[in-house]
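[1] okay, sequence plus prediction incoming.
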Amino acid sequence: MRAGLAPLQGLHDAMRAINGAAVHAEWRASLASRGRPAPLAGVGPLEERTGRFRDEAQGKAALAAHGLRTPEGRVVGLSEVAAAARGLGGLVVVKGLHEKLAHKTEAGAMALGLETAQAAQDAARRMVGTVATRDPSIRLERFLVERMLPHPVLETLVGIQRDPQFGLTLTIGVGGVLVELIGEVTTLLLPAGRDDIVAALTRGALGRLMQGYRGRPAGDLEAAASAVEAIAGYAVAQGD
């Protein structure tokens, strides 16, 4: 310590500490270069309130009003699934819609990679039975039929939380089936600038996947940043 060196125990902890110091220095330099910082979204008192769950179709419609681009899709009843799939053409995904279905995969309420209208219709019928078996209180009557990208580059986690001290925060990281495995996220205070969002998308494991990992195609960074901006803009507009 007298020599100006910080003792570190273990290579893993040492590298994490060095990385933290580097990230801190990077953010300080970035903030200093911008002049006056943008005002934070108002915090205000936390109030106990009764929330209303929006299903995926309703949530996407609300976000689309703030500029989020979503796959073409149709909300239909069980008897209309085949017609919706036929109208969209190509690969489709069918998702069950219900106020109790926050996690569709675990409930068996999602079918991917359906190539024909009949396959989509059959999947929806099976879905009704599967979901009811797992939770008898859920009766599926509405379905979201969407176009499906055959080979997506990656899935990205984008989350909004309201911290009682700092207000709205934006979390960005690797999503999909890798979210728990990698467990690496970046958290920003809102409102966040596009430069901050791009930096979060290009950092760590997410950045490596976004840039094309081990010969895989690179993601569209500008499109991803615009999507995150739209979600953040919606959160700031709502205020909670």
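    Cool, the structure landed. Numbering: from 1, shown residues only.
[2] name the SS class of residue 172, please.
    Under DSSP: H, G, I helix; E, B strand; the rest coil, residue 172 falls in the strand class.
[3] what's near enough to touch residue 69?
    223, 226-227 (Cβ atoms under 8 Å, 6 or more residues apart in numbering). For the C-beta atoms, the positions are set from N, CA and C on the backbone; glycine is no exception.
[4] same list (the residues you listed) but as JSON lines, adding distance to residue 130.
    Output for the contacts of residue 69, formatted as JSON lines (distance: Cβ to Cβ, whole Å):
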{"residue": "223", "distance to residue 130": "34"}
{"residue": "226", "distance to residue 130": "36"}
{"residue": "227", "distance to residue 130": "31"}
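[5] can you add secondary structure and neighbour count and give the residues you listed back as a markdown table?
    What follows is the contacts of residue 69, written out as a markdown table (DSSP: H, G, I helix; E, B strand; the rest coil; neighbours: other Cβ atoms under 10 Å):
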| residue | secondary structure | neighbour count |
| --- | --- | --- |
| 223 | helix | 10 |
| 226 | helix | 15 |
| 227 | helix | 20 |
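[6] chain center to stretch 217-226: distance?
    14 Å (Cα atoms, centre = their mean, to the nearest Å).
[7] what of stretch 153-172?
    9 Å.
[8] can you list the buried residues in that stretch?
    153-154, 156-158, 160, 162, 167-170, 172 (16 or more other Cβ atoms under 10 Å).
[9] what's the helix or strand hosting residue 122 packed up against?
    Assigned by DSSP states H and E, residue 122 belongs to helix 117-134. The contact analysis (3 or more Cβ pairs under 8 Å, 6 or more residues apart in numbering; DSSP states H and E) places helix 117-134 against helix 81-88, strand 92-97, helix 104-107, strand 110-114, strand 142-147.
[10] average pLDDT for the third one?
    By that I understand helix 104-107. Across helix 104-107, the average pLDDT comes to 85.
[11] list the buried residues for that helix?
    So, applying 16+ other Cβ under 10 Å, buried residues of helix 104-107: 104, 107.
[12] ok, the fourth one next?
    Neighbour-count burial for strand 110-114, with 16+ other Cβ under 10 Å as criterion, is recorded at 110-111, 114.
[13] domain-wise, how is the protein divided?
    56-147, 152-240 (automatic domain parsing).
[14] sorry, back to before: for the contacts of residue 69, give me a markdown table that also has distance to residue 66 and pLDDT.
    As requested, the contacts of residue 69 are exported to a markdown table (distance: Cβ to Cβ, whole Å; pLDDT from 0 to 100):
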| residue | distance to residue 66 | pLDDT |
| --- | --- | --- |
| 223 | 15 | 95 |
| 226 | 11 | 96 |
| 227 | 10 | 96 |
